[in-house]
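In: what would the 3D arrangement of this be:
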Amino acid sequence: QVQLVESGGGLVQPGGSLRLSCAASRSIANFYVMGWYRQTPGKERELVATATNTGSTNYADSVKGRFTISRDNAKNTVYLQMNSLKPEDTAVYYCKMRPYVWSNDYWGQGTQVSVSS
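Out: Numbers count the residues shown, from 1 in each chain. Have a look, this model is predicted:
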C-alpha cells in the first residue's frame, strides 16, 4: 500500500507558476512509474506527465516546454513544476504511482489548480 498526499495547488494568474508536490508514504526510489494527471468537470482524467524508474519522461503535447516532472527520492516526493500557466490548465491535478510493473496504481486525493485573472 502507498498513501499519496498532494499539495501546492491554488489560484494563479495567467503566465504564473506553481509547483505541485506528491509525498508518498514509503520510499519511491525504485518505483516503476509515477505521474501527474488532471481532470475538469465532465471530462475524463488526462495524462499530464509521467516519469519512469529508468529516467524517461513523457508529457502531454499541451504542456511540453512548460511543465516539468521531477522526483526527490530522499523526500519520497514527486513534483510538477508548472510555468507559463494558461486558463486551460485549470483542473484538479492528481498524482499517481505504480511501485512495480505488476502492482496496482495508487492515486492521491487531488489538488485544485485555477488559472484566472
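In: any idea which element the most centrally placed residue in the chain lies in?
Out: Ranked by distance to the mean C-alpha position of the chain (C-alpha atoms, centre = their mean), the top residue is W36 at 2.7 Å. Take DSSP states H and E as the rule and W36 turns out to sit in strand 33-39.
In: what lines up beside the next helix or strand after that strand in the sheet?
Out: Proceeding N to C from strand 33-39, the next assigned helix or strand is strand 46-52, under DSSP H and E. With DSSP bridges as the test, strand 46-52 is paired with strand 33-39 (antiparallel), strand 57-59 (antiparallel).
In: direction included, what does the helix or strand that the shortest one is followed by pair against?
Out: On the C-terminal side of strand 57-59, the nearest following helix or strand under DSSP H and E is strand 67-72. Sheet partners assigned to strand 67-72 using DSSP bridges are listed as strand 77-82 (antiparallel).
In: which one, of the strands paired with strand 46-52, ends up nearest to Q13?
Out: Nearest to Q13 among these is strand 33-39 (18.6 Å), distances taken as C-beta to C-beta. Where C-beta positions appear, they are placed from N, C-alpha and C, glycine not excepted.
In: in the closest one, what counts as buried?
Out: The neighbour-count check on strand 33-39 (16 or more other C-beta atoms under 10 Å) flags 33-38 as buried.
In: for stretch 99-116, same thing?
Out: With burial defined by 16+ other C-beta under 10 Å, the residues of stretch 99-116 counted as buried are 99, 106-108, 110-111, 113, 115.
In: ok, and what's touching that stretch?
Out: For stretch 99-116, the surrounding residues in contact (C-beta atoms under 8 Å, 6 or more residues apart in numbering) are 1-14, 16, 18, 20, 22, 30-32, 38-39, 82, 85-98.
In: and S70, bridged to which residues?
Out: Assigned bridge partners for S70, using DSSP bridges, are Y79.
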